[in-house]
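*Asks:* next input, structure requested:
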Amino acid sequence: MDVFAIFVERVSNTLKSLYPEVSDDVLARLVVEPPRDPAHGDLSSNAAMVAAKPLGKNPREIATALAEAFKNDPDVTSVEVAGPGFINFRLAGPIWFAVLRSIWAQGADFGRTDIGKGERVNVEYVSANPTGPMHVGHTRGAVFGDTLAALMAYSGYDVTREYYINDAGSQIETLARSTLLRYREALGETIEIPPRAISGRLSGAGRRGAESEFGDSLLSRPDAEVIPLVKDRVLAAMLELIKADLAKLNIHHDVFFSERTLHGQGKEIDSTLDWLRSEGMVYQGRLEPPKGKTPEDWEDREQTLFRATDYGDDVDRPLVKSDGSYTYFAADIAYHRDKYLRGFKHMINVLGADHSGYVSRLKAAVKAVSHGQADMDVKICQLVRLMKNGEPFKMSKRSGDLVTLADVVEEVGVDATRFMLTYRRNDAAMDFDFALVKEQTRDNPVFYVQYAHARVCSIFRNAEKEMPGLDTSDAALRGAEFELLSSPAEAELIRALAQWPRTVTQASLAHEPHRVAFYLYEVAAAFHGFWAKGKEDIGLRFINTDHPKLTLARLALVGAVRQVLVNGLGILGVSAPSELS
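*Replies:* Next up, the predicted model:
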């Protein structure tokens, strides 16, 4: 049950009945949300504000008419017009108690929505070069992408989690040659390691695979023949290492798409360029010298250009280098055309901070290859600074100079890593403080939320001890007399729980999973606040042996808190422990 969605519909219908000429576009912009100041009521709507200009009326006039119409609504105890035309509602108890009944009836499905209507969405995330283990910079994008995918699935989308393997660049060639050198060295040859070689730690897995499969038979064969074999082995080894690292955070992709499959005669890039030419999206031309910093793909010559500016980009983009090879962007166009041809009309790419310049060109590419039928959202994950007690922190690492995903998980655990990396907007730089995530205080969000769940579990355990005859089965809790919950602290907690379906919807539509983490912290705060009031006022304690019906109602309330926390933590990929050490 979504109280906010219910009142969006009621306010829309009432506005339409009062002003039949109001358009669907106006109704689509109508919002019902919690007021910034709880003293103003339970719900607030901008209906009069968005309708005023199209209707040619004063917003307070419209707001007054709407307020008058709601005076007979049995779920509304009062309605007021505020400021330039906001409408503030106070709701009657029964609708809040219906929220609790809905939580108990729906359980794990409370908050789950169908706004996605089964539409397919491709979430591509991590997509690091397979030249080594996942480092801390990749970890934020991995957690963000995986949490966003879970949120979209929870909201009714058919989600595919995809990893784009950047296995066609010069770094891969360097890795293969470095691996071959290590292979020769391991078999007794004296070798000279060039300055640009990949470290032995990273090329070792591929070397061991080649040695195991081929023995010393590669020593007598020319490099041109051997390099492709070694490249296959080292890429397979690196990909297994990456998958193992991601699995430490319970991250598993549905699709691993190889960039190499796009290249070569008759492959996707060729066919994509042929298609672009047939559609008039490519031309031969010369780019003007850029202002400021010169991008790496700019060349002062006539070349093959994609009409990116026709699709919202700042400049047209080169597709073929002077040596005849394709640019990275040519591969990007082919790859996203492949996504579209696979049936994805919704695409989300999660990229690192160093890829912010790719946003406009990727959106242009998707718009072009789909003729505007597909949409693309690019989410940039900003940098993570490792801290300890507020100071920059250099870990002692197994992995040399690189702080890896495995290092972070080993230091603080899966739950803290996933929650803390979600507990901030993706487009804001963040400090990851190793000391903070080990504190057992409200300043540590993951502990504070998990402790709320553990505390609920302890309340149920205590109820069994103190009132052994009380039936606390799910059936009994569903049938509790919620009308007995009449204190302001109880009302505040119920209102917080009622916001869960709205939070899911808003977070999913905005592609912002941090909203889930923020919400869980707010619910935990409301719950802990209520618990603290019970320490001061015996009448507010959850367990009251003299009043079994009230105790049962309060147990049903805290059981609803537990369910919402479990649902939210599930989206974040974080556990809900019944006890904390």
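*Asks:* which stretches of the stretch 101-250 of the chain form helices?
*Replies:* Applying DSSP state H, counting those that start in this stretch to the stretch 101-250 of the chain gives helices spanning 136-154, 170-186, 200-214, 223-247.
*Asks:* just those: most buried one?
*Replies:* Per-stretch averages of neighbours, counted by mean count of other CB atoms under 10 Å, single out helix 136-154 among those, with a mean of 25. Where you see a C-beta, it was placed from the backbone N, CA and C, and this is true even at glycine.
*Asks:* what's the mean pLDDT across that one?
*Replies:* For helix 136-154, mean pLDDT rounds to 95.
*Asks:* just stretch 69-88 next, same as before
*Replies:* Averaging pLDDT along stretch 69-88 gives 94.
*Asks:* thinking again about what came up before, where among the helices of the stretch 101-250 of the chain is average confidence lowest?
*Replies:* Looking at those, the weakest mean confidence is helix 200-214, a mean of 58.
*Asks:* report the contact partners of the residue lying closest to Ala149 once chain neighbours are set aside.
*Replies:* Once flanking residues are discounted, Ala149 sits nearest to Val123: 4.4 Å by CB to CB, 6 or more residues apart in numbering. For Val123, the contact set (CB atoms under 8 Å, 6 or more residues apart in numbering) comprises 145, 148-149, 152, 159-162, 348, 350.
*Asks:* among the residues you listed, which one lies nearest to Leu319?
*Replies:* Nearest to Leu319 among the contacts of Val123, counting by CB to CB, is Glu162 at 23.3 Å.
*Asks:* my read is that the closest one contacts Ser258, right?
*Replies:* No - under the criterion of CB atoms under 8 Å, Glu162 makes no contact with Ser258, lying 11.6 Å away.
*Asks:* about what we covered before: closest to Val523 out of the contacts of Val123?
*Replies:* Leu148 (20.7 Å).
*Asks:* the most centrally placed residue in the chain and Ala507, how far apart?
*Replies:* Closest residue to the average C-alpha location of the chain: Leu148 at 2.6 Å, with CA atoms, centre = their mean. Applying CB to CB, to the nearest Å, the value for Leu148 to Ala507 is 9 Å.
*Asks:* mind listing the shared neighbours of these two?
*Replies:* Shared contacts of Leu148 and Ala507, defined by CB under 8 Å, 6+ apart, are found at Pro513.
*Asks:* which residue ranges make up the domains of this structure?
*Replies:* Listed by automatic domain parsing, the domain ranges of the chain are 3-91, 120-165+254-381, 170-247, 445-572.
*Asks:* tell me which of those domains approaches Met420 most closely.
*Replies:* Among the domains of the chain, if distance is taken as CB to CB, the winner is domain 445-572, at 6.1 Å.
*Asks:* how long is the closest one end to end?
*Replies:* One end of domain 445-572 sits 13 Å from the other (CA to CA, to the nearest Å).
*Asks:* quick check: Phe89 is in a strand.
*Replies:* Yes - assessed by DSSP: H, G, I helix; E, B strand; the rest coil, Phe89 belongs to a strand.
*Asks:* doesn't Gly285 fall inside a helix?
*Replies:* No - going by three-state DSSP, the assignment for Gly285 is strand, not a helix.
*Asks:* where's the closest residue in space to it that isn't next to it in sequence, which helix or strand?
*Replies:* The shortest distance from Gly285 to any non-neighbouring residue, by CB to CB, 6+ apart, is to Leu305 (5.1 Å). For Leu305, the host element (DSSP states H and E) is strand 302-306.
*Asks:* pLDDT score assigned to Gly292?
*Replies:* pLDDT at Gly292 comes out at 69.
*Asks:* of the contacts of Val123, closest to Ile95?
*Replies:* Met152 (29.0 Å).
*Asks:* distance of the closest one from Pro501?
*Replies:* For Met152 relative to Pro501 (CB to CB), the value is 16 Å.
*Asks:* also Trp275?
*Replies:* Distance of Trp275 to Pro501, given as CB to CB: 43 Å.
*Asks:* more neighbours: which of those two?
*Replies:* Ranked by neighbour count (other CB atoms under 10 Å), Trp275 and Pro501 place Pro501 first, with 22 against 15.
*Asks:* sticking with that one, tell me its helix or strand.
*Replies:* Using DSSP H and E, the element containing Pro501 is helix 500-510.
*Asks:* got it, and Leu569?
*Replies:* Counting by DSSP H and E, Leu569 is found in helix 548-572.
*Asks:* one more: Met376?
*Replies:* Element membership of Met376, judged by DSSP H and E, is strand 375-381.
*Asks:* which helices and strands does the helix or strand following that strand pack with?
*Replies:* Of the helices and strands lying after strand 375-381 in sequence (DSSP H and E), the nearest is strand 384-388. Under the contact definition 3 or more CB pairs under 8 Å, 6 or more residues apart in numbering; DSSP states H and E, strand 384-388 sits against helix 136-154, strand 430-433.
*Asks:* just to revisit the earlier point, next one: the residue nearest to Ala149 from Glu21, what distance?
*Replies:* Per CB to CB, Val123 is found 41 Å from Glu21.
*Asks:* pLDDT weak spots in the stretch 201-350 of the chain?
*Replies:* Flagging of the stretch 201-350 of the chain using pLDDT under 70 yields the residue ranges 201-213, 215-216, 218, 220, 265, 292-298.
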